[in-house]
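Chemist: Whatever this is, show me its structure:
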Amino acid sequence: MPFNGVGVFNRVYQWVQDAANGIDVDATRTDTDSNDIASGLTNCVTRDGQSPWLANLPAGGFKVTGMGNGSASTDSVTYGQVFNSPSAYTGTVDTTGATVLVTTQAAGDSSTKAASTAFATQLAFQAALPSQTGNSGKVTTTNGSAASWDFLYNIVGNHEVVVTTGNGYGATNTKIRRYTTTQSSVGTAITYADDANAGASFTINTTGLYSIYTIDTYTVSATQQTFGVSLNSSQLTTAIESINAADRLIISAAGNNANQAAPSRCVRLVAGDIIRPHTGGVTNSTSAVTSVFAIRKIL
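Modeler: The predicted structure is shown next:
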């Protein structure tokens, strides 16, 4: 073999050595030696591109310099093509199964740079928003097809029931208060009913956050008597302090008119919930000032 496997060419014969050994010039030996040289040259890469590589060519840590830019899909590329390429590219790059990382541009960038997922999400959100001008302090809302700005109180709406002037208890539901006067009843989120047997109830029609407060007192003496608010309770003849704790939203106590209490709570309620003024069955105020129940949707 003309090459020894690590790039060193070894000749078959050494003519000087042959002369020293008394070996005359011989056509056969000369052909063998010359053919070996020819075989070695044939295994070389020609400068004019006649002979292609037959295996991977290790560079030994050196560079291939002076290359032209690649143009075909099987061409090698130069450093300049990769890092100093022009902004316009007309080819096709298949990135199936790959992740392409790009810099997220500032909002409003309208250049032809590649858009990151973050940029696209931001742009899509901005495009979906109505105009910002003149809408300070407002929040977005939608009618199901288009977004708009409005104040939160307009979106929530005006849903409230306020009743006053205690009127004893239900004949059947003996721990549920009744009222004589409807001071306010607006909106559709709450339905108020007052029944001689069932007492007062407030049915929630719209899921949301509600504010509830109640006032009551025991006019006979300063002895503290319990009152409060229950949620979906079935223990309507049981004192508020003894019903299931999960059904008890508010509990307080009051004595005579000088010691009335006004407890309140904000709570999330769902459509179908029933709120009741639930007491110990003793508080008995009939005053519009010291016997009040109010519930309002706030969100």
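Chemist: Now do the lengthiest helix in the chain: which elements does it pack against?
Modeler: The helix that spans the most residues within the chain, counting by DSSP state H, is helix 27-42. If you count contacts as 3 or more Cβ pairs under 8 Å, 6 or more residues apart in numbering; DSSP states H and E, helix 27-42 packs onto no helix or strand. C-beta here means a position set from N, CA and C on the backbone, and glycine is covered the same way.
Chemist: Quick check: buried residues in the helix or strand just after it?
Modeler: Downstream of helix 27-42, the first helix or strand assigned by DSSP states H and E is helix 79-83. Neighbour counts over helix 79-83 (16 or more other Cβ atoms under 10 Å) mark Q81 as buried.
Chemist: again, but for stretch 61-76
Modeler: Of all the residues in stretch 61-76, not one is buried under the rule 16+ other Cβ under 10 Å.
Chemist: Tell me which stretches of the stretch 51-200 of the chain form helices.
Modeler: Using DSSP state H, counting those that start in this stretch, the helices of the stretch 51-200 of the chain run over 79-83, 117-128, 152-156.
Chemist: How is this structure divided into domains?
Modeler: Domain assignment for the chain, taken from automatic domain parsing, gives 1-52, 156-297.
Chemist: looking at those, which is buried most?
Modeler: Most buried of those, by mean neighbour count (mean count of other Cβ atoms under 10 Å): domain 156-297, with a mean of 18.
Chemist: Ends of it, what's the gap?
Modeler: Domain 156-297 has an end-to-end distance of 7 Å (Cα to Cα, to the nearest Å).
Chemist: distance between it and the chain's centre?
Modeler: Centroid displacement of domain 156-297 relative to its chain, using Cα atoms, centre = their mean, to the nearest Å, is 40 Å.
Chemist: Rounded mean pLDDT for it, please.
Modeler: In this model, domain 156-297 has an average pLDDT of 94.
Chemist: my read: L129 touches A147, true?
Modeler: Yes. Counting by Cβ atoms under 8 Å, L129 touches A147, with 6.3 Å between them.
Chemist: which residues do the two both contact?
Modeler: T140 (Cβ atoms under 8 Å, 6 or more residues apart in numbering).
Chemist: quick one on the thing from earlier: run the chain-centre distance for the longest helix of the chain.
Modeler: 76 Å.
Chemist: then it to CSV, C-alphas only?
Modeler: The C-alpha trace of helix 27-42 is given here as CSV (Å, rounded to 0.1, in the frame of the first residue of the first chain):
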residue,chain,number,x,y,z
ALA,A,27,12.0,-3.3,-15.6
THR,A,28,9.7,-5.3,-13.3
ARG,A,29,11.0,-3.8,-10.1
THR,A,30,10.8,-0.3,-11.7
ASP,A,31,7.2,-0.8,-12.8
THR,A,32,6.2,-2.1,-9.4
ASP,A,33,7.7,0.9,-7.7
SER,A,34,6.2,3.3,-10.3
ASN,A,35,2.8,1.7,-10.1
ASP,A,36,2.8,2.0,-6.3
ILE,A,37,3.5,5.8,-6.7
ALA,A,38,0.7,6.0,-9.3
SER,A,39,-1.6,4.3,-6.9
GLY,A,40,-0.7,6.7,-4.1
LEU,A,41,-1.4,9.7,-6.4
THR,A,42,-4.7,8.2,-7.5
